[in-house]
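In: Structure here, sequence nowhere to be found:
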């Protein structure tokens, strides 16, 4: 990573590859303005103010490549805190490649994946968790995932952790001071105050750790399996939820042999709907594989929508099915289908609970009610726009390690361990908290994070 800590001026296409109306080429580095000045026919860009846009032509000797708009961002008032230039040109692949080659010939080099954001981090514009939020924001495919990424990008997560870390650093300094006076047996760090602080930090960290389940669901989508016996109407229900004919519907049992996956957005949350093969004793090898896949998908799901034919199953059979499918960490909705074929007496006999819904997938009755139930079962009113949610597995692991180190601090206070052991455990907690925001980093960690970014960001 040391080779990135230099004065190279980097260049890359910042817009998606492919033909479009325009393409935006980005440069960043000390020489960015000088390099573009060598190939830009128009105003003298070195004499222009930051955050201004200028019309002109990109020329290679006597050859004009394109007419462009050049946007200037003079250091340190830019995304990377370096001189940044953005060239808006026509979206022809030939034009874009020609301009990039020309800029490289004049002193720039091709940027690596995520190198612009890496420079923003290395130059103090963003901390590491904010830099990761940039990638999450680019990848956001729902309103909720966009909101969570924006909250992290604005520093909500970082600020919360930094405030806790600063308080712990103060106590760490006092404990370290005790080591200098070890022969005099003095305590500069009040142990009860330290205990109270650690309890408060662990309370906040515990809440952040618990938020990962919801945060990850928002980021990745909620795995939602539609399961039930053959001919219960699972595929019809999938079609009704999506409002399109996505799955083949037939009265013949065992029609669905493989899983069908689609995305359904409900109130800003993506649900990954998985229609599965009917659960029964398989009559052939292919169907047996389908049933096996169904059980695998159920075991991996966050939410199970169990659909049953209200005319073709007894209450005992229903209860047995539910008992066999229910898992400890899985939410479950019980959906009675084919309500259009039931009389009032039969409808009244169906289970009526908070997790039960009565629908007609064929007639699309009560589908909106089911969508509300699906949302509530997965989210449970946990989503608060101001609440910090952990969405990154790296952050989760660092928080868990911090929690373990702080537990050792509490144990040490309880048994009155010496200051050197106490200091060691506090340092460990500070180290893991620092890994999240980038106060503590390694080259391998940065390589791993930024290599996952797209070129040009």
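Out: Sure, I can see it. Because the structure is predicted, anything quoted here is derived from the model rather than measured. Numbers count the residues shown, from 1 in each chain.

In: any idea how far the helix or strand containing residue 235 is from the chain center?
Out: Applying DSSP states H and E as the criterion places residue 235 in helix 234-242. The chain centroid and the centroid of helix 234-242 are separated by 28 Å under CA atoms, centre = their mean, to the nearest Å.

In: Now for residue 158: which residues touch it?
Out: Each residue near residue 158 by CB atoms under 8 Å, 6 or more residues apart in numbering is listed here: 127, 129-130, 152, 437. All C-beta spots, glycine's among them, are computed from the backbone N, C-alpha and C.

In: Can I get the residues you listed in CSV including pLDDT and distance to residue 407?
Out: Below are the contacts of residue 158 laid out as CSV (pLDDT from 0 to 100; distance: CB to CB, whole Å):
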residue, pLDDT, distance to residue 407
127, 85, 26
129, 85, 23
130, 84, 28
152, 78, 26
437, 82, 22
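
In: got JSON lines for those, with distance to residue 330, neighbour count and secondary structure too?
Out: Conversion of the contacts of residue 158 to JSON lines gives the following (distance: CB to CB, whole Å; neighbours: other CB atoms under 10 Å; DSSP: H, G, I helix; E, B strand; the rest coil):
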{"residue": "127", "distance to residue 330": "36", "neighbour count": "21", "secondary structure": "coil"}
{"residue": "129", "distance to residue 330": "30", "neighbour count": "24", "secondary structure": "helix"}
{"residue": "130", "distance to residue 330": "34", "neighbour count": "21", "secondary structure": "helix"}
{"residue": "152", "distance to residue 330": "28", "neighbour count": "25", "secondary structure": "helix"}
{"residue": "437", "distance to residue 330": "34", "neighbour count": "23", "secondary structure": "helix"}
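
In: Could you let me know which of those ends up closest to residue 52?
Out: Relative to residue 52, the closest of the contacts of residue 158 is residue 130; by CB to CB it sits at 26.8 Å.

In: picking that back up, check which helices and strands the helix holding residue 235 sits against.
Out: strand 222-228, strand 260-266, strand 269-275, strand 303-309, strand 331-337, helix 367-379 (3 or more CB pairs under 8 Å, 6 or more residues apart in numbering; DSSP states H and E).

In: State the mean pLDDT of the first one.
Out: Mean per-residue pLDDT for strand 222-228: 87.

In: quick one: that strand to strand 303-309, angle?
Out: For strand 222-228 against strand 303-309, the angle by axes from the mean of the first three to the mean of the last three CA atoms, to 10 degrees is 20 degrees.

In: for the longest one, same thing?
Out: Going by the same axes, to 10 degrees, helix 367-379 is angled at 140 degrees with respect to strand 303-309.

In: any chance you could map the helices in the stretch 101-250 of the chain?
Out: Secondary structure of the stretch 101-250 of the chain, counting by DSSP state H, counting those that start in this stretch: helices at 115-122, 128-139, 143-153, 156-180, 191-220, 234-242.
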